[in-house]
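Trainee: Build the 3D model from these lines:
(one chain, ligands or ions: 1)
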Amino acid sequence: MKFDVLTLFPETFELVMKESIIGRAQEKGLVEVNAIDIRDYTKDKHRKVDDYPFGGGSGMVMMCQPVFDAFRAVTQGLDTKPRVIFMSPQGRVLTQKMAVELSKEEHLILLCGHYEGIDERIIEELVDEEISIGDYVLTGGELPAMVLIDCVSRLIPGVLSSEGSFSDESHFNGLLEYPQYTRPAEYEGRPVPEILLSGHHANIQKWRAEQSLERTRKKRPDLYEEYLKGK
Ligand SMILES: CN(C)c1ccccc1CNc1ccc(C(N)=O)cn1
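Mentor: Numbering: from 1, shown residues only. Presented below is the predicted three-dimensional model:
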């Protein structure tokens, strides 16, 4: 899986993306994350990437030319146009289901906006879909892009060591995860639920399923409703 990220802050990506699981996945050649600096495609000596909005209004808007030229640089020589995702508050809110679909792509281009936004012609011409990571406004699309890269990359076979745990992972079967415990069996007088120490795997699985249902019903009735419909 290759992510080409068009951004005004490429160094942010280098830092975050080379660390942790994504960094190791890159070393294994399972994931490649390239940060492309939009400013490298400006034509003027001040490397201008934004300008005043037509029609007035406060703030600045990202201009077409540098983004179009950065896009062309990334896509030249490719026989198929990769899917282009614009990280935006107006996008479809990212879900685990969307992440699963995106993880099947070979090559994604992520566009990160700044200022008050980007010239609409960029969206009309280059963008396949807008994705939001939630209903809140950030100063830029870099964090949303990193969130998308993380949640998609971890679904790629070989990226996570404990792949087996996928099946019952919360938000994967639509329910929240059951409570997790590890040693010691009692910490400062606080015990671990007996069932988990019993070794009865069938009972443990049943208890975990009940816990998942119970927590989802309490914490996320919306997901619970979805789940009941899907049954
Ligand atoms: C500068 N702004 C407001 C802006 C305006 C338009 C597009 C992109 C941006 C960049 N900001 C973003 C991006 C994504 C999200 C999200 N929820 O995924 C939140 N904020």
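
Trainee: any idea how far the closest residue to Arg220 other than its chain neighbours lies from Val61?
Mentor: Excluding its sequence neighbours, the residue lying closest to Arg220 (Cβ to Cβ, 6 or more residues apart in numbering) is Leu176, at 6.1 Å. For the C-beta atoms, the positions are set from N, CA and C on the backbone; glycine is no exception. In this view, Leu176 and Val61 are 40 Å apart by Cβ to Cβ, to the nearest Å.

Trainee: re the thing from before, pretty sure the residue nearest to Arg220 is touching Lys219, no?
Mentor: Yes. With contact defined as Cβ atoms under 8 Å, Leu176 reaches Lys219; the gap is 6.0 Å.

Trainee: Mind checking which of those two has more residues around it?
Mentor: Taking other Cβ atoms under 10 Å, Leu176 and Lys219 do not tie; Leu176 has more neighbours (20 against 11).

Trainee: How about the longest strand seen in the chain and the ligand, touching?
Mentor: Criterion DSSP state E: the longest strand present in the chain is strand 83-93. Yes. Among the residues of strand 83-93, Met87, Ser88, Pro89 lie within reach of the ligand under Cβ under 6 Å from any ligand atom.

Trainee: Among those, which one sits closest to Glu125?
Mentor: Each of the residues of strand 83-93 next to the ligand was scored against Glu125 by Cβ to Cβ, and Ser88 proved nearest at 15.3 Å.

Trainee: and Arg24, what is it in contact with?
Mentor: By Cβ atoms under 8 Å, 6 or more residues apart in numbering, Arg24 lies in contact with Val159.

Trainee: which stretches of this protein form helices?
Mentor: Along the chain, counting by DSSP state H, helices occupy 10-18, 20-27, 64-75, 96-102, 120-126, 142-153, 195-198, 201-219, 221-230.

Trainee: average model confidence for the last one?
Mentor: Predicted confidence along helix 221-230 averages 94 (mean pLDDT).

Trainee: Buried residues, it. List them.
Mentor: Of the residues in helix 221-230, Leu223, Tyr224, Tyr227 count as buried by neighbour count, 16 or more other Cβ atoms under 10 Å.

Trainee: how about those residues in JSON lines, adding distance to the ligand?
Mentor: Formatted as JSON lines, these follow (distance: Cβ to the nearest ligand atom, whole Å):
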{"residue": "Leu223", "distance to the ligand": "20"}
{"residue": "Tyr224", "distance to the ligand": "25"}
{"residue": "Tyr227", "distance to the ligand": "25"}
